[in-house]
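Trainee: Fold the following and give me the result.
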Amino acid sequence: MEEASIEFSIFLIFTGAALFATAALYARQAMIVAYIILGLLLGPSGLGLINDAELISDISNIGIIFLLYLLGLDLLPQQLWKMLGEALFVTLMSSALFLLVGFGVGYLFGYSVLQAMLVGAVMMFSSTIIGLKLLPTTTLHHKHTGQIIISVLLLQDLIAIVILLLLQGYGKGGNMLLSIVSQLLYLPLLGLITYLIERYILIKLIQRFDQIHEYIFLLAIAWCLGIAELAHYVGLSHEIGAFVAGVTLASSPIALFITERLKPLRDFFLIIFFFSLGAGFNLSIIDEIFVPAIVLALSALILKPIVIALLLQNRGEKKHISIETGFRLGQISEFSLLIAVLALESGFINATTSYLIQLATLITFIVSSYIIVLKYPTPISVSDRMRRD
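Mentor: Residues are numbered from 1 along each chain as shown. This is a model prediction of the structure:
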C-alpha cells in the first residue's frame, strides 16, 4: 500500500484523536487510551491507513523531550524537601517491592533474567498523566493528597531517569560498564554547564525581556532543544538533556509561565507519541503475551493501591488519604512505555517483552481510570458534585 503523506497522516491522527477522545471522555477514560487505540486501528496491524509508523514515531520523540522538560520544571526543590522523608520512604519501599513482583511475573512466564528485570523495573512507576490529570485543580494545588502524589511521582521520575541513563549506556555497546559509568559522569558535567549558562545568560535575558511573552516562549523552546542537543553531543540522550534544562529553570519565577505556555505544544507531540505506540503494536503477537500481560496488569491494579496505602499509613497518614493516594497511583506508567521502547531500541529486551509491557500498561490505564472516576473527584467524574470537589 502506498505510504500516506505527512499531511494526510496528521489529518487522520488529530481528527481521529478528537473523535476517540470524545468517546473516551464519555466512557470516563484517560484520553491517552483513545490515542493508543486509534493507533492500533489506523496503523499497519489495523486498517493500514498510516503505514509509516517510523516517521510518526520520530516526530513523537519531540513530545517526549518536551514531557521531560516540563517534568524538570515541576521539580521544585522546596516541594520535594517538604515531603522528602515520607515520599522517599514510600517511593523506595514500593519500588523495591514492585521490582520483585514484576521480575517474578516475568521469570514465571519464562522470560530471561534480563528481560524479567526490565519488566520489574517498569512496574515501579505510576502514571504521571493519570495521577495528575485526574486530580481536581483544588486537590492538585492546595490539598495534602495532591502534595503526596506529586512528591511520589517526582521521585519515581528521578528513578526513571537513572534507568534511561543505564539503558543508553547499554545501547552504546562495547564495554557496557564503561559506557554506563561515562553516562553517570557526563550527567553532572552537563548539569554544571547548564546551570552556568542559565544563571549568567538565560536568566538575564528573561529578566530583561520578561514582558514580551512571545520572546519568552521562543526562548523556552530554544533552551529545551538547545540543552537536549548539547546532551546528545556529549553522549547523553536528548530526553535527559531536556530534563536537565527543566530542572535548572525550576526555581525561576518564570517557570510556571513557561510550563503553562508549553503544555499545548507538549500535548500536540504526545498525542502523536501515544498514537505511534498503538500504530507500532503487532497484534499478531497478542496470543503469546495476553496471559502474562493480564497477570502483570492485575498485579499492579490490586497490589499497588494496597501497598502504597499501607506504606503511607505506616508514616502516619490518615487512612482515607492513604487509600485514595493508593488508588490514584495504582497503575503502570507512560514512563514504562518509554522505557520499553528505548530498551527495545538498545537491544536490552526483545520485541515480545516490549509488547508485553505496552499491553499490560494499557490495561492498567483503562481499569485504573474507571476506578478513580467512579470512586473519587476528578475533572471527568460521574457526578457534577465530584467534579466540583
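Trainee: Can you report phi and psi for residue 253?
Mentor: phi -60, psi -20 (degrees, to the nearest 10).
Trainee: so what pLDDT did it get?
Mentor: Looking at residue 253, its pLDDT is 74.
Trainee: What residues of stretch 102-115 count as buried?
Mentor: Neighbour-count burial for stretch 102-115, with 16 or more other CB atoms under 10 Å as criterion, is recorded at 102-107, 109, 111, 115. Backbone N, C-alpha and C define where each C-beta goes, glycine included.
Trainee: scratch that, stretch 233-249 is what I was asking about
Mentor: Result for stretch 233-249 [16+ other CB under 10 Å]: buried residues 236-249.
Trainee: can you tell me which two in those residues are farthest apart?
Mentor: Using CB to CB, these reach their maximum pairwise distance at 237 and 249, which is 19.0 Å.
Trainee: hang on, isn't residue 72 packed against residue 242?
Mentor: Yes: the pair residue 72 / residue 242 is scored as a contact, 7.1 Å apart, by CB atoms under 8 Å.
Trainee: Next step: the buried residues of stretch 102-115 restricted to strands.
Mentor: In strands, judged by DSSP state E, none of the buried residues of stretch 102-115 are found.
Trainee: for those residues, which one is nearest residue 163?
Mentor: Nearest to residue 163 among those, with distances taken as CB to CB, is residue 102, at 12.7 Å.
Trainee: Can you show me the helices along the stretch 51-200 of the chain?
Mentor: 53-73, 77-108, 113-122, 128-133, 137-142, 144-171, 176-197 (DSSP state H, counting those that start in this stretch).
Trainee: List the buried residues of the third one.
Mentor: Using 16+ other CB under 10 Å as the test for burial, helix 113-122 gives 115-122.
Trainee: So the residue nearest the centre of the chain versus residue 364, what's the distance?
Mentor: Centroid-nearest residue in the chain: residue 335, 3.4 Å away (criterion: CA atoms, centre = their mean). As judged by CB to CB, to the nearest Å, residue 335 and residue 364 stand 13 Å apart.
Trainee: how far does the helix or strand containing residue 287 sit from the chain's center?
Mentor: Element membership for residue 287 (DSSP states H and E) is helix 286-314. Centroid separation for helix 286-314 versus its chain: 18 Å, with CA atoms, centre = their mean, to the nearest Å.
Trainee: and if you look at stretch 195-214?
Mentor: 28 Å.
Trainee: from here on, count from 11
Mentor: New numbering, starting at 11: the last item is stretch 205-224.
Trainee: What is the end-to-end distance of that stretch?
Mentor: This stretch, stretch 205-224, spans 24 Å end to end (CA to CA, to the nearest Å).
Trainee: swap in stretch 54-70?
Mentor: 17 Å.
Trainee: What are the contacting residues of that stretch?
Mentor: 11, 13-14, 16, 19, 22-23, 50-53, 279-280, 282-286, 289-294 (CB atoms under 8 Å, 6 or more residues apart in numbering).
Trainee: Give me the subset of those that lies in strands.
Mentor: Using DSSP E, none of the contacts of stretch 54-70 sit in strands.
Trainee: of those, buried ones?
Mentor: So, by 16+ other CB under 10 Å, the buried ones in the contacts of stretch 54-70 are 14, 19, 22-23, 50-53, 279-280, 282-286, 289-291.
Trainee: which sections of the stretch 261-399 of the chain are below the confidence cut-off?
Mentor: Within the stretch 261-399 of the chain, the stretches with pLDDT under 70 are 389-399.
Trainee: switch the cut-off to 90
Mentor: Counting by pLDDT under 90, the stretch 261-399 of the chain contains low-confidence residues at 261-298, 324-332, 334, 343-362, 364-365, 368, 372-373, 375-399.
Trainee: With adjacent residues omitted, what lies nearest to residue 333?
Mentor: Excluding the flanking residues, the one nearest residue 333 by CB to CB, 6 or more residues apart in numbering is residue 319, at 4.8 Å.
Trainee: what's the neighbour count on that neighbour?
Mentor: When neighbours are counted by other CB atoms under 10 Å, residue 319 registers 23.
Trainee: what's the answer for the one 5 residues further on, then?
Mentor: Burial measure for residue 324: 13 neighbouring residues, criterion other CB under 10 Å.
Trainee: list the contacts for it?
Mentor: Contacts of residue 324 by CB under 8 Å, 6+ apart are residue 99.
Trainee: Check the gap between it and residue 101 for me.
Mentor: Separation of residue 324 from residue 101 (CB to CB): 13 Å.
Trainee: hang on, isn't residue 97 packed against residue 161?
Mentor: Yes: look at residue 97 against residue 161 with CB under 8 Å: they come within range, at 3.7 Å.
Trainee: Have a look at these two and say which one is more surrounded.
Mentor: Remark: of residue 97 and residue 161, residue 97 carries more neighbours, 24 against 21, as counted by other CB under 10 Å.
Trainee: any idea how far residue 286 is from the more buried one?
Mentor: Distance from residue 97 to residue 286, by CB to CB: 32 Å.
Trainee: next one: residue 21
Mentor: Distance, residue 21 to residue 286, using CB to CB: 16 Å.
Trainee: can you check residue 105 too?
Mentor: Distance from residue 105 to residue 286, by CB to CB: 28 Å.
Trainee: again with residue 204
Mentor: Taking CB to CB, one finds residue 204 at 29 Å from residue 286.
Trainee: Can you give me the buried ones in stretch 375-389?
Mentor: Counting neighbours by 16+ other CB under 10 Å, stretch 375-389 gives 375-379, 381-383, 386-388 as buried.
Trainee: So which of the residues you listed are in helices?
Mentor: Residues of these located in helices (DSSP state H): 375-379, 381-383.
Trainee: could those residues go into a markdown table alongside distance to residue 233?
Mentor: Listed next are these as a markdown table, based on distance: CB to CB, whole Å:
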| residue | distance to residue 233 |
| --- | --- |
| 375 | 31 |
| 376 | 36 |
| 377 | 39 |
| 378 | 34 |
| 379 | 34 |
| 381 | 39 |
| 382 | 35 |
| 383 | 36 |
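Trainee: Can you give the distance of stretch 55-71 from its chain's centre?
Mentor: The answer for stretch 55-71 is 20 Å, by CA atoms, centre = their mean.
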